[in-house]
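Visitor: Okay, sequence plus prediction incoming.
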Amino acid sequence: MVKEEIRILGIDDGPFSKNDKEVIIVGVIFRGGEFLDGVLRSYVAVDGLDATEKLSGMINSSRHKQQLKVIMLDGITLGGFNIVDVRKLYSETRVPIIVINRKVPDLKSIRVALEKKFEDFEKRWKMILNAGKIKQLKFEKFSVYYQNVGIEDEETEEIITISIKHAQIPEPLRVAHLIATGIVKGESEGHA
């Protein structure tokens, strides 16, 4: 049984253009889907390879680290194709990870895009596959797709259910998206 006020760190990137060298990453610490307890910030290179390192540093240096029970990511890419190696992130933080997607990722199209854009596409592709099986959690009117590391499916689904309050995405991710967008554009907009 998961506590209603489980500490969740929701992470999302801000908007960016293809000319940007880096993009802001915002992490919000939530108690379940109810209370915002803190905000973290970092930056990653657009289409770089530093997402795992930057997230690990941001999390491990946070005064909130000891309270965190799960890290929630809005997909495994930040700043374009800066892919988070979720198994390495779990190993470095020892905090379980849940990756959320609104739709099943089109892995075939992703691989084609990686092959076209990057010489190191095989390394990036391996990180994507390493994230594990994509699972579906059905709600009455929508589904959420997830991957999880360091945490069982049943507990993962409880945490997702507890944290979905006002949208079809967990509240920590929705709020991280709003804050990141507001910082970059001066006003929040859009769906996480």
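Guide: Happy to help now that I have it. Numbering: from 1, shown residues only.
Visitor: Just want the most central residue of this structure.
Guide: The chain has Leu73 as the residue nearest its centroid, 1.2 Å off, counting by CA atoms, centre = their mean.
Visitor: Could you verify my assumption that it touches Val84?
Guide: Yes - with contact defined as CB atoms under 8 Å, Leu73 counts as touching Val84 (6.2 Å). From N, CA and C alone the C-beta is placed, and that goes for glycine too.
Visitor: Phi and psi next, for Asn101.
Guide: Main-chain torsions, Asn101, degrees, to the nearest 10: phi -140, psi 140.
Visitor: so how many other residues sit close to it?
Guide: Using other CB atoms under 10 Å, Asn101 has 18 neighbouring residues.
Visitor: Setting the sequence-adjacent residues aside, check what's closest to it.
Guide: Spatial nearest neighbour of Asn101, excluding adjacent residues (CB to CB, 6 or more residues apart in numbering): Tyr145 at 4.3 Å.
Visitor: what comes up buried for the longest helix anywhere in the chain?
Guide: Longest helix in the chain, counting residues (DSSP state H): helix 171-185. Within helix 171-185, the residues scored as buried using 16 or more other CB atoms under 10 Å are Glu171, Pro172, Leu173, Arg174, Val175, Ala176, His177, Leu178, Ile179, Ala180, Thr181, Val184.
Visitor: Equivalent analysis for stretch 11-21, please.
Guide: Neighbour-count burial for stretch 11-21 flags Ile11, Asp12, Asp13, Gly14, Phe16, Asp20 (criterion: 16+ other CB under 10 Å).
Visitor: Please tabulate those residues in CSV, including the columns secondary structure, pLDDT and distance to Gly27.
Guide: As requested, these are exported to CSV (DSSP: H, G, I helix; E, B strand; the rest coil; pLDDT from 0 to 100; distance: CB to CB, whole Å):
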residue, secondary structure, pLDDT, distance to Gly27
Ile11, strand, 98, 5
Asp12, strand, 97, 8
Asp13, strand, 97, 11
Gly14, coil, 96, 12
Phe16, coil, 95, 17
Asp20, coil, 95, 20
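Visitor: Can you tell me which of the residues you listed is closest to Val149?
Guide: Val149 lies nearest to Ile11 out of these, by CB to CB, at 14.2 Å.
Visitor: what kind of secondary structure is the closest residue in space to that closest one that isn't next to it in sequence in?
Guide: Spatial nearest neighbour of Ile11, chain neighbours left out: Gly27 (4.6 Å); criterion: CB to CB, 6+ apart. At Gly27 the chain is in strand, as set by DSSP: H, G, I helix; E, B strand; the rest coil.
Visitor: Now for Gly27, how many residues are close by?
Guide: Neighbours around Gly27, by other CB under 10 Å: 26.
Visitor: Low-confidence ranges, the chain, go.
Guide: Scanning the chain for pLDDT under 70 picks out 190-192.
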